[in-house]
Every structure is written in structure tokens, then in C-alpha cells.
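Engineer: coords please:
(one chain, ligands or ions: 1)
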Amino acid sequence: LDMNAYRPGDGQSRPVERRLANLGAASVLFYRQPIEMVGAEGAWMIAKDGTRYLDFYNNVPSVGHSHPRVVEAVSRQIAQLNTNTRYIVSVVDDYLEALKALLPPELSNVMMTCSGSEANDLAIRVARAATGGTGIIVTETAYHGNTALVTEVSPSALKRGSLPETVIAIPPPGAAHFGEDIAGGFRASVEAALAEFGRRGIRPAAFLADSIFSSDGILADPPGFLAPVVEAVRAAGGLFIADEVQPGFGRTGDAFWGYERHGVTPDIVTMGKPMGNGFPMAAMVARPDHLEQFCADVGYFNTFGGNPVAAAAGHAVLDVIREEGLQENARETGAHLLAGLRQVAEGDARVTDVRGAGLFIGIDLAEETGRPDPAFTVQLIDAMRAHKVLIGAAGRYGATLKVRPPLCLTREEAERFVEAFRAALAG
Ligand code: PLP
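Structural biologist: Below you'll find the predicted structure:
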């Protein structure tokens, strides 16, 4: 979905050539003229030429780049002990207890992985084993990861492929599809998908959704619209898998997990990205009764998943979010940012909508006719870079700016972003 992702033959330089040679021709780099980064702190990234960029497109270092608490915890633990997950290590158990305290009590089993893709892969397999069904409902522009199984439920990753019979992709819950009645329209789409599974003779296993629909364009409103959807899925025998890889860990400001905004308790939760502030770690959390069949059939082992160093990083992240009030900051600074961006939008017909929750905001960009404008979005992303701000795109047409800074963002930094946006629009 990075509309401005680097393509070979476009502004090549030696580091770029070396990178592509190392990673393979299929890999993409951010920006047509990629930036070589050498450091980062807080909400800032530092390029080799010394330029400091405000980082609005990187929700991995969510508590701030190279946060000293996380750096210290990881360094201490790796010096003391790191091992696979076959032993009892109190650092790991302490972390799992702290994580579970933030989740509904019935979700008492945590399976640690190294990526969000693996967590979603596991979630789909658990849901299928628990329900005896195979059908999965997702949204049309969803991205849930890159394993073979998860690619099948990630229409935006499939590119030229087609969905298997067991997967139905429905329109994302935005005004573009459902106008004023997002809740009613989305529910009707889910019910139609369930009916279609019935016609295909397929039993539903799960509705899998990122509760803020980030790759669909950050469709956060109205809070609560997922509750009747989850009810309908459960009535048909399926589970609700909440993919919290993007919205989780306080980003939406009004809740620690995105699903809480909808007043629902998921059957399975997956999480990743900000969990270790850059240390690769992720998890799938489920109910013991839902895990029974899966464990009886296949069992589970992950060499690196939840190792002591990951646990140390994860625990430091939870401590920092709490002690530095980062969820509250996401709510307050996010509201300030949203108000500033809406003010800019009022004076410019090319900005058709600004919406979001906490420090996760989508800005829709359109042509004069009102049609989504991906080319203008790419142009604006480049212009923002000239104003020392890094940002990317999302949404069905790639015409939504994805505003996603670290949760430690200050009011001043938020204002700086608004000014950069205003200046980029002015051209
Ligand atoms: N789920 C969502 C909502 C994502 O945005 C992503 C990655 O962008 C994933 C899952 C996959 O996570 P990972 O890249 O860690 O495998």
C-alpha cells in the first residue's frame, strides 16, 4: 500500500542497489529516493546526512525510538540469559501475567510468536479447530500478514491472486460504502457473507478484523459498530478474532485495545508491532476451551517466541505506557492533532475527510471531482518529506494519509506536523 514505494530504476544510488541485491528484486523501499537512516530518538529519525525527520509512519517504536527503559531491559536480559521457550524463566512468566492483566480474564492462554503474521496464522488455525468450520470473513482491503495461510485472508497482500472459497471479503466499514449508516451497512454485509457461506456449504470459523481498520483507511467510527456484527458471527457458530497488531497498546487513546471501543470481548486477540517497541515479538491470546482441539491435533512450539529478552522488552513497554501516561497522551495529543488537521481541511476541498482515534488518524485526499487521488497523495508524501516529516498512505485507493506517530508525541510536535501538512498542501 505504499504508493510511493521505491521501484528499481528510479533514482538509484549505491546503498539502494546494495539493499536490493541483498533482499531481492521484489523488495520495496519507502520513498522513490530512499533515505539512509542512522539513528532515532523519541518521535524523530536521523538520516545519514544529519537531517532529523518527524516519524509519523512507524508504529513499531510506539513508546518512542530507542526508549532508554527498553534499551536497558533488553541489554540487561541478553547479558544474563536468553534461551528458547522450553524452560521456566521468571522474567517470561512475570511478563505474561502483566500482559494478561490487561486482557479479559477468560483469554488466559498466551502463545508468543515473533510476528503479527504468525500470530494471525495461529489464530485462524485455532478458530478452525475450535469451531470445526473453515469460513473466514475479512474486509476487502485488509492486511493481516504474509504467511501462506494469512495471505489468503489479506486481500491487500494477494495482489494478483484470488481468495479461496473459504474466505469472503466484505466492503470496509467506511462512509464510501455505507454512507451515513456504517453500522447497519456493515452488519448487513457480514450477514450476507454468512448467508453466502451457507449457500457454499461452508461453516464459518471466524470474523477477523483489525478493530480500527487501519489498512482500509483508519475507519474508527462510530465506536460500537462491531458489537452486532460479532453477535451475528457467533450466532452462526464463528469466533471473533481481534487483530490488535495496529490499534493495540493504547494507540487509540480511549482504550488500551481497539476492540474495547466496540464494547465487545473477542474470542481470540492477536498483537505485535509496538509490543516490544521494535524488538520482534507478537502473540495470540485465546480461551483454554478454544485451544483444546488445536493442541490435541497439532500442539505448538516457537523457538524464539516469548524468549526472555522479548519478555524483558515487552514488560518495559507496558511499564513505560503506564508510567508515562502514553495512552492518555495518545488521547489528548491525538485530539489536538485531529482538531488542527480538521482546521486545515476546512480551507482545502482536496482534503475530503479527517478522522481517527487517538494517535491514529486518516486523511482522505481527493481530486476536484471528489474522487480519491492516489497521485496527489504520493505528491503530498514527497512534499511532507521536504518539510522533514515521514508519512505513508493507506486505504482502498491509496489516497488516505496514514497519521501514526509514536505515542510519546508532544503537542509541539503535533503542531509541527499540522504546519508541515498545511505547507505541503500549499505546494
Ligand atoms: N495485522 C495487521 C493489522 C498488520 O498491519 C500487520 C502488518 O502490517 C500484520 C498483521 C502482520 O504483522 P507482521 O508484519 O509483524 O507479520
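
Engineer: Going by C-alpha atoms from here, please, whenever you check contacts or count neighbours.
Structural biologist: Noted.

Engineer: Determine the set of other helices and strands touching the helix or strand where residue 169 lies.
Structural biologist: Assigned by DSSP states H and E, residue 169 belongs to strand 167-170. When contacts are defined as 3 or more Cα pairs under 8 Å, 6 or more residues apart in numbering; DSSP states H and E, strand 167-170 packs onto strand 135-139, helix 182-200.

Engineer: Residues contacting the longest helix seen in the chain, please?
Structural biologist: Using DSSP state H, we find that the single longest helix of the chain is helix 326-346. Applying Cα atoms under 8 Å, 6 or more residues apart in numbering, the contact partners of helix 326-346 are 63, 249-256, 320-321, 351-361, 407-411, 414-415, 418, 422.

Engineer: go again using 7 Å as the cut-off
Structural biologist: 250-254, 256, 321, 351, 354, 358-359, 407-408, 410-411, 414-415, 418, 422 (Cα atoms under 7 Å, 6 or more residues apart in numbering).

Engineer: Show me the contact partners of stretch 414-427.
Structural biologist: Contacts of stretch 414-427 (Cα under 7 Å, 6+ apart): 337, 340-341, 344, 380, 383-384, 387.

Engineer: Could you tell me which residues of the stretch 201-350 of the chain lie near the ligand?
Structural biologist: 210, 243, 245-246, 272-273 (Cα under 6 Å from any ligand atom).

Engineer: Among the residues you listed, find me the one that's closest to residue 169.
Structural biologist: Set against residue 169, the nearest of those by Cα to Cα is residue 210 (13.5 Å).

Engineer: Please name the spatially closest residue to that closest one (chain neighbours excluded).
Structural biologist: Computed as Cα to Cα, 6 or more residues apart in numbering, the closest residue to residue 210 that is not its neighbour in sequence is residue 243, at 4.5 Å.

Engineer: most centrally placed residue in the chain?
Structural biologist: residue 246 (2.2 Å; Cα atoms, centre = their mean).

Engineer: OK, contacts around it?
Structural biologist: Counting by Cα under 7 Å, 6+ apart, residue 246 has contacts residue 214.

Engineer: picking that back up, what sits up against the next helix or strand after the strand holding residue 169?
Structural biologist: Towards the C-terminus, the helix or strand next in line after strand 167-170, according to DSSP H and E, is helix 175-178. For helix 175-178, contacts defined as Cα under 7 Å, 6+ apart pick out 171, 182, 185.

Engineer: before we move on, back to that, please identify the buried residues of the longest helix of the chain?
Structural biologist: 326-338, 340-342, 344-345 (16 or more other Cα atoms under 10 Å).

Engineer: could I get that helix in CSV with only the CA atoms?
Structural biologist: Extracted C-alpha coordinates of helix 326-346, given in CSV (Å, rounded to 0.1, in the frame of the first residue of the first chain):
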residue,chain,number,x,y,z
LEU,A,326,1.1,7.3,26.9
GLN,A,327,-2.5,6.1,26.4
GLU,A,328,-3.7,9.4,27.9
ASN,A,329,-1.2,11.3,25.8
ALA,A,330,-2.5,9.5,22.7
ARG,A,331,-6.0,10.7,23.6
GLU,A,332,-5.1,14.3,24.4
THR,A,333,-2.3,14.9,21.8
GLY,A,334,-4.4,12.9,19.3
ALA,A,335,-7.4,15.2,19.8
HIS,A,336,-5.2,18.3,19.5
LEU,A,337,-3.7,16.9,16.3
LEU,A,338,-7.1,16.0,14.9
ALA,A,339,-8.5,19.4,15.6
GLY,A,340,-5.5,21.1,13.9
LEU,A,341,-5.8,18.9,10.8
ARG,A,342,-9.6,19.5,10.6
GLN,A,343,-8.9,23.2,10.6
VAL,A,344,-6.5,22.8,7.7
ALA,A,345,-9.0,20.6,5.9
GLU,A,346,-11.8,23.2,6.2
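
Engineer: quick thing: my sequence starts at 47, can you match it?
Structural biologist: Yes, from this point I'll number from 47; that puts the last item at helix 372-392.

Engineer: tell me how far that helix is from the chain's mean position?
Structural biologist: Distance, stretch centre to chain centre, for helix 372-392: 19 Å (Cα atoms, centre = their mean, to the nearest Å).

Engineer: before we move on, back to that, mind checking which of the contacts of helix 372-392 land in helices?
Structural biologist: For the contacts of helix 372-392, membership in helices holds for 367, 457, 460-461, 464, 468, with DSSP H as the criterion.

Engineer: on that earlier part again, just name the most buried of the helices and strands packed on strand 213-216.
Structural biologist: Mean neighbours per residue, mean count of other Cα atoms under 10 Å, is largest over the helices and strands packed on strand 213-216 for strand 181-185, with a mean of 26.

Engineer: what's the following helix or strand after that strand?
Structural biologist: helix 194-198.

Engineer: I'd like the distance between residue 207 and the ligand.
Structural biologist: Using Cα to the nearest ligand atom, to the nearest Å, residue 207 is found at 18 Å from the ligand.

Engineer: quick one: residue 345 from the ligand, how far?
Structural biologist: 21 Å.

Engineer: Assumed residue 63 was part of a strand.
Structural biologist: No. Assessed with DSSP: H, G, I helix; E, B strand; the rest coil, residue 63 is helix; it does not lie in a strand.

Engineer: So what's the residue count around it?
Structural biologist: 13 (other Cα atoms under 10 Å).

Engineer: do residue 451 as well
Structural biologist: 31.

Engineer: That one reaches residue 107, doesn't it?
Structural biologist: No. Assessed by Cα atoms under 7 Å, residue 451 is found out of contact with residue 107, at 9.1 Å.

Engineer: still on that earlier bit, how about the helices and strands packed on strand 213-216 in CSV, adding mean pLDDT and distance to residue 335?
Structural biologist: Listed next are these as CSV, based on pLDDT from 0 to 100; distance: least, Cα to Cα, whole Å:
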stretch, mean pLDDT, distance to residue 335
strand 181-185, 97, 20
helix 228-246, 97, 24
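
Engineer: List of residues touching whichever strand or helix holds residue 362?
Structural biologist: Applying DSSP H and E as the criterion places residue 362 in helix 354-369. With Cα under 7 Å, 6+ apart as the test, helix 354-369 has contacts from 109, 115-116, 119-120, 123-124, 128-129, 137-138, 141, 321-323, 325, 327, 373.
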